[in-house]
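Student: Fold the following, please.
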Amino acid sequence: MNLSWALQRLSTMSGPEIGYRVRQRVRAGLEQLGLFDGPAPQPQSRRSGRAWVDPLPVHFETERYRRAADEVLAGRWRIFAMRPARLGFPPQWNRDPKTGKVAPLSFGTSIDYRDDSLVGDIKYLWEPSRHAQLVTLAQAWRLSGEVRYAEGCRTLLDSWFEQCPYPLGVHWTSSLEHAVRLINWSFAWRLLGAEQSPLFAGEDGQAFRTRWLEGVYRHCHFIATHFSRFSSANNHLLGELTGLLVASLTWPLWDRSERWRTSAQRELEREALRQNAPDGVNREQANWYHHEVADMMLLAGLTARASGCNFSSEFWRRLRGMLDYIASIMDAGGAVPSFGDADDAVIARLDPSEDFDPYRSLLASGAVLFASPQFKLKADVLDDKTRWLLGDQAEQRFAALTGGAAGLPIKRAFEDAGYYILGRGFETRDELRIVADAGPLGYLSIAAHGHADALSFTLSAGGSELLIDPGTFAYHTQRKWRDYFRGTSAHNTVRIDRQDQSVSGGAFLWRTHAGAKVLEFHCQGDEQRLIAEHDGYMRLSDPVLHRRELELGSGRPQLRVTDHLQCRGVHELEMFWHFAEDCRVEASNHVITARRGRVKLQMTLPETTKVELVRGREEPPLGWISRSFDARTPCCTVRASRLIRGSVHLVTLIEVEFDQSLAAESWLVG
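Tutor: Down below sits the predicted model:
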């Protein structure tokens with residue numbers, strides 16, 4: 001492990017956390033000596049728990065699932081930017097498909113999976129072993145009845161058991177990876193017929209069943225003894241608890257199963273209410289993880305409810321609040337701002353479509369669960385994942401929902417998260433939607449998935465993104481790009497002296513946190529105003545306070561952005577504006593014109609600044625957008641810079657025009 005990173009990480013820990021980490025390291029050493037090891041006990045029962053929905057749905061386009069399963073059997077898998085990744089079938093589970101690096105088969109918890117020279121790109125190495133493809137094969141078998149898909153499931157699992165023996169290799173290092181694998185195993189188990197599966201017929205089938213259940217027990221035991229705690233208790237802990245809960249309900253076969261179930265459900269409810277604020281926003285300040293946590297809660301809630309151990313009404317209200325947030329920030333074209341980290345990972349890929357939209361899918365599920373016409377309007381259609389989760393009757397319930405546009409956006413202010421929505425004409429072809437960030441950096445002391453984006457905002461018009469958040473791109477590898485995409489210059493805000501608002505201590509660690517505060521939010525009719533400030537640059541030898549005002553008037557769509565910088569000395573100021581990759585952007589002195597479809601945006605920058613239009617620059621990085629993990633595309637970024645001497649205020653005017661002569665575009669919801 002990198003010594004500098006370890007020391008910085010240690011500096012963020014409390015006394016109790018340091019004690020916990022020490023105990024975990026001692027335990028790992030004893031585990032390596034085999035002192036906590038032993039054979040997995042035999043199941044005390046042959047009766048599986050109930051499925052998440054009964055009966056399982058049957059109304060699907062079978063050919064789509066055949067095609068997806070055939071790709072899996074041909075060894076062509078979708079893994080992040082590798083589409084397809086040619087892995088063969090079955091894959092080499094310990095080989096990173098991106099770099100070709102084969103990870104060592106040494107004791108799992110002793111491996112530093114952050115060391116790319118040792119394991120390659122761990123995201124690519126872990127992703128196939130989440131076994132989403134197992135579910136695709138099981139779905140294809142259930143819908144088509146073709147034996148080769150069921151046999152593919154057995155081949156996939158047996159190869160994994162052989163190549164990844166407990167407790168060796170990188171697949172025995174992360175409890176979250178165990179949990180996601182268990183969730184996919186649970187879906188596959190049910191889809192394959194559970195205890196009545198033809199895969200378990202005969203002596204060989206029973207031996208396979210024994211191997212699979214031994215793997216289930218090992219996974220549950222590993223999670224229960226290796227939870228992510230203290231400053232790491234973010235979505236990882238929620239995922240671990242979800243996996244343990246789903247597994248103990250699917251396979252209530254051992255003496256420990258009930259204990260695992262009750263403790264996992266109790267803590268999952270507590271953490272769900274703790275990690276998701278009362279305003280409905282996940283505290284990691286990262287929209288992709290907001291979606292993942294909502295998905296965890298949905299899967300755990302449906303499984304528990306079907307088993308007769310439902311969560312509390314407050315748990316379900318918090319989940320609904322999380323969907324309220326998604327529906328509120330999603331523009332009329334279905335785009336959700338890319339605030340914070342995103343890694344494209346999903347908990348269970350029940351819909352194999354290339355164009356699957358996880359945000360709209362959650363809203364479709366929420367529309368049926370909560371009888372919400374607003375969610376239906378934003379979801380637009382009922383997707384296959386919702387059908388798998390809620391059964392064939394979901395389509396009729398979805399179709400019966402009417403209305404909804406008048407109730408959108410559901411909320412304009414999310415005070416705990418610091419997200420605010422300004423705009424007009426919502427859900428129409430002339431919509432203007434601004435989503436502003438005046439919230440905390442992230443969750444707990446390390447704020448692992450937050451970005452240094454205080455006082456930034458996105459802007460879309462007519463369902464077309466114009467000013468965007470550029471996304472994430474990289475995690476454990478490519479440190480230069482990791483630092484850029486999470487840094488201040490990659491967001492629509494102000495940077496001082498070429499320093500980020502918060503100080504990074506590593507790829508998933510912030511040493512200092514910029515604190516944002518909202519001073520005013522006024523939203524009555526067309527007169528809208530947000531005033532907020534952050535203290536990230538108060539750490540400088542000559543402290544700088546950044547205050548930003550967003551004002552949307554009642555006349556034509558014009559946003560007035562006023563940046564106040566309070567200081568005494570001399571500083572370099574940079575203002576960044578990032579445009580969607582499809583925008584045609586031109587600069588004429590201090591006037592920027594951006595066009596996309598029927599929308600024109602004109603930005604007038606302060607005349608005292610030097611204006612530069614950058615697209616796809618490598619050194620230093622600027623002018624990029626990452627729509628998916630490990631993929632980046634050039635986009636136009638405006639950099640306006642100047643030296644300031646003492647306090648200043650700078651005004652930027654943004655005007656939006658719609659070409660009414662053009663027909664409404666295909667994005668129009670409903």
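
Student: what does the average pLDDT come to for the biggest helix by length in the chain?
Tutor: As assigned by DSSP state H, the longest helix anywhere in the chain is helix 202-225. In this model, helix 202-225 has a mean pLDDT of 98.

Student: Kindly spell out which helices and strands sit in contact with it.
Tutor: Applying 3 or more CB pairs under 8 Å, 6 or more residues apart in numbering; DSSP states H and E, one finds that helix 202-225 contacts helix 147-163, helix 175-191, helix 235-250, helix 257-275. Heads up, the C-betas are built off the backbone N, CA and C, glycines and all.

Student: Only alpha carbons, please: show that helix as PDB.
Tutor: The C-alpha coordinates for helix 202-225 follow below in PDB (Å, rounded to 0.1, in the frame of the first residue of the first chain):
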ATOM      1  CA  GLY A 202     -29.100 -36.300 -10.500                       C
ATOM      2  CA  GLU A 203     -25.900 -36.800  -8.600                       C
ATOM      3  CA  ASP A 204     -23.900 -34.300 -10.600                       C
ATOM      4  CA  GLY A 205     -26.700 -31.700 -10.200                       C
ATOM      5  CA  GLN A 206     -26.700 -32.200  -6.400                       C
ATOM      6  CA  ALA A 207     -22.900 -31.800  -6.300                       C
ATOM      7  CA  PHE A 208     -23.200 -28.600  -8.200                       C
ATOM      8  CA  ARG A 209     -25.900 -27.400  -5.800                       C
ATOM      9  CA  THR A 210     -23.600 -28.200  -2.900                       C
ATOM     10  CA  ARG A 211     -20.800 -26.200  -4.500                       C
ATOM     11  CA  TRP A 212     -23.100 -23.200  -5.100                       C
ATOM     12  CA  LEU A 213     -24.500 -23.200  -1.600                       C
ATOM     13  CA  GLU A 214     -21.000 -23.500  -0.100                       C
ATOM     14  CA  GLY A 215     -20.100 -20.400  -2.100                       C
ATOM     15  CA  VAL A 216     -23.200 -18.600  -0.700                       C
ATOM     16  CA  TYR A 217     -22.300 -19.400   2.900                       C
ATOM     17  CA  ARG A 218     -18.700 -18.300   2.400                       C
ATOM     18  CA  HIS A 219     -19.900 -15.000   0.900                       C
ATOM     19  CA  CYS A 220     -22.300 -14.300   3.700                       C
ATOM     20  CA  HIS A 221     -19.700 -15.100   6.300                       C
ATOM     21  CA  PHE A 222     -17.100 -12.900   4.600                       C
ATOM     22  CA  ILE A 223     -19.500  -9.900   4.500                       C
ATOM     23  CA  ALA A 224     -20.600 -10.400   8.100                       C
ATOM     24  CA  THR A 225     -17.000 -10.200   9.300                       C
END
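
Student: Residue 546 versus residue 103, what's the distance?
Tutor: 44 Å (CB to CB, to the nearest Å).

Student: which of those two has more neighbours?
Tutor: Each of residue 103 and residue 546 has its neighbours counted (other CB atoms under 10 Å); residue 546 has more, 26 against 21.

Student: how far does the helix or strand hosting that one sit from the chain's center?
Tutor: Using DSSP states H and E, residue 546 sits in strand 545-552. Chain-centre distance of strand 545-552: 28 Å, with CA atoms, centre = their mean, to the nearest Å.

Student: So, low pLDDT: which residues of the stretch 351-500 of the chain?
Tutor: Across the stretch 351-500 of the chain, nothing is flagged by pLDDT under 70.

Student: before we move on, what about the chain?
Tutor: Checking the chain against pLDDT under 70 turns up 1-11, 17-18, 20-23, 25-28, 30-31, 33-36, 662-670.

Student: Domain ranges for it, per the record?
Tutor: Here the chain is described, according to automatic domain parsing, as comprising the domains 1-37, 55-207, 227-406, 418-658.

Student: deepest of these, which one?
Tutor: Mean neighbours per residue, mean count of other CB atoms under 10 Å, is largest over those for domain 227-406, with a mean of 21.

Student: Next, the distance between the ends of that one.
Tutor: 44 Å (CA to CA, to the nearest Å).

Student: do stretch 422-430 as well
Tutor: 14 Å.

Student: residue contacts, the most centrally placed residue in the chain?
Tutor: The centre of the chain sits closest to residue 288, judged by CA atoms, centre = their mean, with a distance of 2.4 Å. Contacts for residue 288 (CB atoms under 8 Å, 6 or more residues apart in numbering) come out as 338, 340-344, 472.
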